[in-house]
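*Asks:* From the sequence below, what's the structure:
(2 chains)
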Amino acid sequence: GQSLEQPSEVTAVEGAIVQINCTYQTSGFYGLSWYQQHDGGAPTFLSYNGLDGLEETGRFSSFLSRSDSYGYLLLQELQMKDSASYFCAGPPTGFQKLVFGTGTRLLVSP
Amino acid sequence: GAVVSQHPSWVICKSGTSVKIECRSLDFQATTMFWYRQFPKQSLMLMATSNEGSKATYEQGVEKDKFLINHASLTLSTLTVTSAHPEDSSFYICSVQPGSGANVLTFGAGSRLTVL
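*Replies:* As a prediction, the model looks like this:
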């Protein structure tokens, strides 16, 4: 099937760096995106990797390795407001729709 | 970027009744909209792709007769949960794809449905 696997929960302290991994289990996705969702809210777009390598957007960076079917989101200088759920997502090859990963709940403590 | 308005933000209904959720693209003409469902502490599951002027494309396992989707204009798509039951209680979120790529979606604020 088409699935993207993530760790269910990650904890860290303010100011730290955390990496959230995402692995594929399909024939492929065309690119990988990352979304943030606070409790009770809607997902918001964070980052997109269409090609292999690292994309940096402020405190957030995202990496993709299509040969390894693997990507990650790196959050630096963690702040309390970064406590949220994070989802990787990708369109299955040949489809114009987005499938979301299992999600990772990030808890940032003081 | 695109702005998506979703209404109602929350609704409570009795079992057996129908509920309509509206999704409006305020500043973007959306030929396609996506409807997702999210249960507590779970991921977003794509229910269907709404196509302006034609039938929606439903994901496997989603009952098209239960979740009626209408996309009559470029700015409005509606999801009607027919004969709702407690197991339909969930967070329903619509989204649009403002760019040419499938990876970037703009979501509405979501509609939380509780069926008693």
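
*Asks:* quick one: A:T23 and A:S69 touch, right?
*Replies:* Yes. At 6.1 Å, A:T23 and A:S69 qualify as touching, with contact defined as CB atoms under 8 Å. Where C-beta positions appear, they are placed from N, C-alpha and C, glycine not excepted.

*Asks:* Can you show me the strands along chain A?
*Replies:* A:4-5, A:9-13, A:18-24, A:32-37, A:44-49, A:53-57, A:60-65, A:70-75, A:84-90, A:99-100, A:104-109 (DSSP state E).

*Asks:* With chain B instead?
*Replies:* Going by DSSP E, chain B shows strands at B:4-7, B:10-13, B:19-25, B:32-38, B:44-51, B:57-58, B:67-73, B:76-81, B:90-96, B:106-107, B:111-115.

*Asks:* Bridged to A:T57, which residues?
*Replies:* Taking DSSP bridges, one obtains A:F60 as the residues bridged to A:T57.

*Asks:* Count the residues that sit near it.
*Replies:* 11 (other CB atoms under 10 Å in any protein chain shown).

*Asks:* what's the answer for A:V13, then?
*Replies:* A:V13, neighbours per other CB under 10 Å, totals 11.

*Asks:* Spit out the contact partners of it.
*Replies:* Counting by CB atoms under 8 Å, 6 or more residues apart in numbering or on different chains, A:V13 touches A:78, A:108-110.

*Asks:* Turn those into TSV, including distance to chain B, neighbour count and pLDDT.
*Replies:* Formatted as TSV, the contacts of A:V13 follow (distance: CB to the nearest CB, whole Å; neighbours: other CB atoms under 10 Å in any protein chain shown; pLDDT from 0 to 100):
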residue	distance to chain B	neighbour count	pLDDT
A:L78	22	19	98
A:V108	18	20	98
A:S109	19	11	96
A:P110	24	6	94
